[in-house]
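**Q** any chance you can model this:
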Amino acid sequence: MKILLHLPAYREPELIPTIKNAIENADKPKNLVFGICRQYHPDDQFDNLDEFRKDKRFKIYDMLYTEAKGLPYARAIINEKLLTDEDFVLQLDAHHRFTKGWDTTLLTWYADLVKEGYNPLICGYLPYYDPFNDPEKRVMEPWLSEAASFYPHGTIFIRPTGVPNWQSLTKPYPARFLSGHFAFGPNKWAKEVKHDPDIYFSGEELNLTVRSFTHGYDLFHPHRVVVWHATMREERSGKLVWDDQSKRGDDMWWKQQGIGRAKIRQLLRTEDNGFDLTGYDLGTVRTLRDYEKYAGIHFKKKSFQKHTKDNRFPPNPIIEDEKEWEDSFMYSFYHLVNIDRSQLPGNDYKSILVAFDDENGISIDSKYIDDYRLTEFIRNGTPIHYEEMFMTDKNPSRVVFWGLSETRGWAERVEINL
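**A** Alright, predicted model coming up:
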């Protein structure tokens, strides 16, 4: 059984360590094939693949970094140009570490799920490793992909969290979301559920999730650690594709993000934006509503069921009555909080209240900022900037920032209509 390791790599210093670690830890390294879309800068030396070019296991597509058009574009090149007759695809990024016998583990899990009658994809957010302190800083527990909130543009903020009682799990467990940086499945899946090159970055995972599910694939998260992933943001700061494009005065990031998000909203049937989705549409084995009921997600309402927000495994409890199902959702509220010194200029705050109120001034949700963020805010003028999200039966009408002073009590107050 041959496995194609699907590796898009944009100016990636971890590319070669990832390749070598995969080979060193595989039970059958001769059955590995590396499909690499190498988006390189001529001045970089850390991603030079010359030592592998005569190895028949390596299929390398070299692309000058100025020709890069986002992550799904690179992924599409790998699946369309480099994937041939390999039995399986392991879709990754290019900054990973692997457990001993990882290939046998994945093949065994997959075969066992097939025996149970599933058409499985083993996928999800992988626990973290630190390239600069490895293996000491590896997270040794598996992660679950949770629905944190809806973004205003219609996609979902998916983030990793811990798996409840993971030690008691004996096999991969049902998942709501597919991860871009870890998905293991058959060749047929990679050929059938194609990467849409119009999606630049945001929304890639939600796009693949609903399309894979409606094409008849069953999603499972690993119940044990099998591969690690690193975000690598600090080392690569200023070298990511959108950084380089911005330096060249290229606004592709903003244009393509808007196009991709609009296309995803059409895919989710919340808008009709005039795109031809041929080749990148939903499957016909299951419906979008089937996915919504399975995952406890309502795309038009931008909302989740409590079962989903509690991170309980899917499928969600069946509700046959349509009205009862529609009424089972809470609003998923999202707001990007940004407080600067021009709004709250005091120097003696012991806390800052951030409150979300309804139209009558009644609080729906609130919290106090009294940690390091407040210290940096007063000392250095660093804005307090974070993503706020919560479930609610009623959407807020305004956000309030209110400084509580050591000497003046409730002091400066700012109200912003939402």
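**Q** could you use CA atoms for every contact and neighbour count after this?
**A** Fine.
**Q** what pLDDT does the nearest residue to Arg286 once chain neighbours are set aside get?
**A** For Arg286, ignoring the flanking residues on the chain, the nearest one in space by CA to CA, 6 or more residues apart in numbering is Thr214 at 4.4 Å. Looking at Thr214, its pLDDT is 98.
**Q** okay but Thr214 is in contact with Tyr294, surely?
**A** No. With contact defined as CA atoms under 8 Å, Thr214 does not reach Tyr294; the gap is 11.3 Å.
**Q** got the contact list for stretch 137-154?
**A** With CA atoms under 8 Å, 6 or more residues apart in numbering as the test, stretch 137-154 has contacts from 124-130, 156-163, 166, 175-177, 221-225, 228, 261, 265, 299, 302-303, 308-309, 311, 332-334, 389-390.
**Q** 6 Å instead, please
**A** 127-130, 156-163, 224-225, 302, 332 (CA atoms under 6 Å, 6 or more residues apart in numbering).
**Q** can you pull the buried residues of stretch 298-307?
**A** Neighbour counts using 16 or more other CA atoms under 10 Å place 298-299, 302-307 of stretch 298-307 among the buried residues.
**Q** go on, stretch 118-131?
**A** Of the residues in stretch 118-131, those buried (16+ other CA under 10 Å) are 119-131.
**Q** export those residues to CSV and tack on secondary structure and pLDDT?
**A** As requested, the buried residues of stretch 118-131 are exported to CSV (DSSP: H, G, I helix; E, B strand; the rest coil; pLDDT from 0 to 100):
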residue, secondary structure, pLDDT
Asn119, coil, 98
Pro120, strand, 98
Leu121, strand, 98
Ile122, strand, 98
Cys123, strand, 98
Gly124, coil, 97
Tyr125, coil, 97
Leu126, coil, 97
Pro127, coil, 97
Tyr128, strand, 95
Tyr129, coil, 96
Asp130, coil, 94
Pro131, coil, 93
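**Q** and stretch 169-189, C-alpha only, in CSV?
**A** Extracted C-alpha coordinates of stretch 169-189, given in CSV (Å, rounded to 0.1, in the frame of the first residue of the first chain):
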residue,chain,number,x,y,z
LEU,A,169,-11.1,5.8,23.7
THR,A,170,-10.1,2.6,21.8
LYS,A,171,-10.5,3.8,18.2
PRO,A,172,-10.8,6.9,16.1
TYR,A,173,-14.0,8.8,17.0
PRO,A,174,-16.5,10.7,14.8
ALA,A,175,-15.5,14.3,13.8
ARG,A,176,-17.4,17.3,12.6
PHE,A,177,-14.5,18.9,10.7
LEU,A,178,-11.7,17.9,8.4
SER,A,179,-8.3,19.6,8.9
GLY,A,180,-6.3,21.0,6.1
HIS,A,181,-3.0,19.9,7.7
PHE,A,182,-4.0,16.3,8.4
ALA,A,183,-6.3,14.2,6.4
PHE,A,184,-5.7,10.5,5.5
GLY,A,185,-7.9,8.8,2.9
PRO,A,186,-7.9,6.9,-0.3
ASN,A,187,-6.7,8.1,-3.6
LYS,A,188,-10.3,8.3,-4.8
TRP,A,189,-11.1,11.0,-2.2
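**Q** and it, which residues are buried?
**A** 172-187, 189.
**Q** what do you get for stretch 225-240?
**A** Residues of stretch 225-240 classed as buried: 225-230, 232, 239-240 (neighbour count, 16+ other CA under 10 Å).
**Q** Lys301 in helix, strand or coil?
**A** Classification of Lys301 using DSSP: H, G, I helix; E, B strand; the rest coil returns coil.
**Q** give me the number of residues near the closest residue in space to Gly279 that isn't next to it in sequence?
**A** If the residues on either side of it in the chain are set aside, Gly279 comes closest to Lys194, at 7.3 Å by CA to CA, 6+ apart. For Lys194, the neighbour count with other CA atoms under 10 Å is 19.
**Q** again, but for Glu136
**A** 10.
**Q** for it, phi and psi?
**A** As for Glu136, its main-chain torsions (degrees, to the nearest 10) stand at phi -60, psi -40.
**Q** quick one: contacts for it?
**A** No contacts exist for Glu136 under CA under 6 Å, 6+ apart.
**Q** any idea how far it lies from Lys100?
**A** Distance of Glu136 to Lys100, computed by CA to CA, to the nearest Å: 16 Å.
**Q** check Asp196 too.
**A** Distance, Asp196 to Lys100, by CA to CA: 33 Å.
**Q** more crowded one of those two?
**A** Between Asp196 and Lys100, Asp196 has the larger neighbour count (other CA under 10 Å), namely 21 against 15.
**Q** just the element for Tyr110, please.
**A** Using DSSP states H and E, Tyr110 sits in helix 102-115.
**Q** okay, buried residues for that helix please.
**A** By 16+ other CA under 10 Å, the buried positions in helix 102-115 come out as 102-103, 105-106, 110, 113.
**Q** in TSV, list these along with distance to Glu14 and pLDDT.
**A** Listed next are those as TSV, based on distance: CA to CA, whole Å; pLDDT from 0 to 100:
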residue	distance to Glu14	pLDDT
Trp102	19	98
Asp103	20	98
Thr105	23	98
Leu106	23	98
Tyr110	28	98
Leu113	32	98
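**Q** so which of these comes closest to Asn347?
**A** Trp102 (54.6 Å; CA to CA).
**Q** that closest one and Ile23, how far apart?
**A** Computed as CA to CA, the Trp102 to Ile23 distance reads 10 Å.
**Q** could you do Asn360 as well?
**A** For Asn360, the distance to Ile23 - CA to CA - is 62 Å.
**Q** of the two, give the one with the bigger neighbour count.
**A** Neighbour count, other CA under 10 Å: between Asn360 and Ile23, Ile23 has more, with 17 against 8.
**Q** quick check: the gap between that one and Val89.
**A** Counting by CA to CA, the gap from Ile23 to Val89 is 15 Å.
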